[in-house]
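> Turn this into a structure:
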Amino acid sequence: MLPNHNTMIRLGPGGTPHGVSGTKASMKYLKEEGLNAMEVQFVRGARMKESTAESIGEEAEKYGIHLSIHAPYYINLNSEKDETIEKSKERIMKSSRLGDIMGAEIITVHAGYYSGMDSDEATEIIGDGVVECADKIKEEVLDVKIGLEQMGRRKSWGTLEEIKKVMNRTDVAVPVLDFAHYHARYGGILRTEGDFRDLFKKYEKISDGPLHSHFSSIKYNETGEKEHLDLMDYEPDFRLLAPILKEKGYDITVICETPELDRDSLRMKNILGL
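The predicted model follows:
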């Protein structure tokens, strides 16, 4: 696919850049650095005031920063406890409402665990929870998508095949491609440019873009993901991914999830030659 001249690769950190005081102040800082995306982290809870979300959105628009949100980690739509499932849906909805106010397009979600079930059973139950949230999003006329993230631990729900089954049930759900998670879940699978191309073939079977994605290097073992590492640990190697990103004909956002955050986003920008 040849790139369209209007397509864009957006780069930025998952969280506030080092040395910056708060999300609102990050917008001007990222613009001055030459970055144009940020994933706001609600991972410990979506406790932001609506007025704060509104002011962040205004700053993001002013400085041309493309926003997304990472919903709280404490989400499991396939818990053995009904209370946990209900709270999980509430967390997705609270993130979605704040995201809509802020102008964030994607609410990235770790949807749940297998909890002793097989893939089909877990996918059915998780799908029920996602569809319920999607219906509320439509009912409240919120301009956001639920981004179902590929997960890096084998006990976690979230392969592309599973995500596709939920996408078949609602157009509010979209995939979030996490290159490090994919690498870790399958024992270090991204070793060559061809490996990255194979992953894109799988992605493009379920979505024709735009692509919201995460990148970092990653430490892993036989159970999958252990911890995120800096870009220059080259595990996986962003230099193998860069030429593929540049040839795609749809918008791509790459959120940097390394400990270096915006610093590694700038290294990605340099590798891409942007």
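> From here on, just use CA atoms for contacts and neighbour counts.
Fine.
> So which residues make contact with stretch 151-165?
By Cα atoms under 8 Å, 6 or more residues apart in numbering, the residues outside stretch 151-165 that reach it are 110-115, 119, 122-123, 127, 148-150, 174-175, 178, 180-185, 202-203, 206, 223-225.
> ok, of those, which come out buried?
110-114, 122-123, 127, 148-150, 174-175, 178, 180-185, 203, 206, 224-225 (16 or more other Cα atoms under 10 Å).
> Sitting in strands, which of the residues you listed do you find?
Counting by DSSP state E, those place 148, 149, 174, 175, 178, 224, 225 in strands.
> unless I'm mixing things up, the last one is touching residue 186, no?
No - under the criterion of Cα atoms under 8 Å, residue 225 makes no contact with residue 186, lying 9.6 Å away.
> and the nearest residue to residue 260 once chain neighbours are set aside, what does it touch?
Computed as Cα to Cα, 6 or more residues apart in numbering, the closest residue to residue 260 that is not its neighbour in sequence is residue 230, at 6.3 Å. Contacts for residue 230 (Cα under 8 Å, 6+ apart) come out as 216, 217, 218, 258, 259, 260, 264.
> Contacts only, for the closest residue to residue 167 other than its chain neighbours.
Leaving aside its sequence neighbours, residue 167 sits nearest to residue 173 (Cα to Cα, 6+ apart; 5.3 Å). Counting by Cα under 8 Å, 6+ apart, residue 173 touches 130, 134, 145, 146, 147, 148, 166, 167.
> sec struct for residue 35, please.
Here residue 35 is recorded as coil under DSSP: H, G, I helix; E, B strand; the rest coil.
> check contacts around it.
Applying Cα under 8 Å, 6+ apart, the residues near residue 35 are 10, 11, 12, 65, 265, 266.
> What does it show for phi and psi?
phi -110, psi 160 (degrees, to the nearest 10).
> what's the pLDDT at it?
Note for residue 35: predicted pLDDT of 98.
> How about residue 193?
Looking at residue 193, its pLDDT reads 98.
> again, but for residue 6
On pLDDT, residue 6 comes in at 59.
> so residue 241 touches residue 193, yeah?
Yes - when contacts are counted by Cα under 8 Å, residue 241 is listed as touching residue 193 (6.5 Å).
> Compare neighbour counts for those two and give me the winner.
Ranked by neighbour count (other Cα atoms under 10 Å), residue 241 and residue 193 place residue 241 first, with 20 against 16.
> for the more buried one, what are its contacts?
Going by Cα under 8 Å, 6+ apart, residue 241 touches 193, 196.
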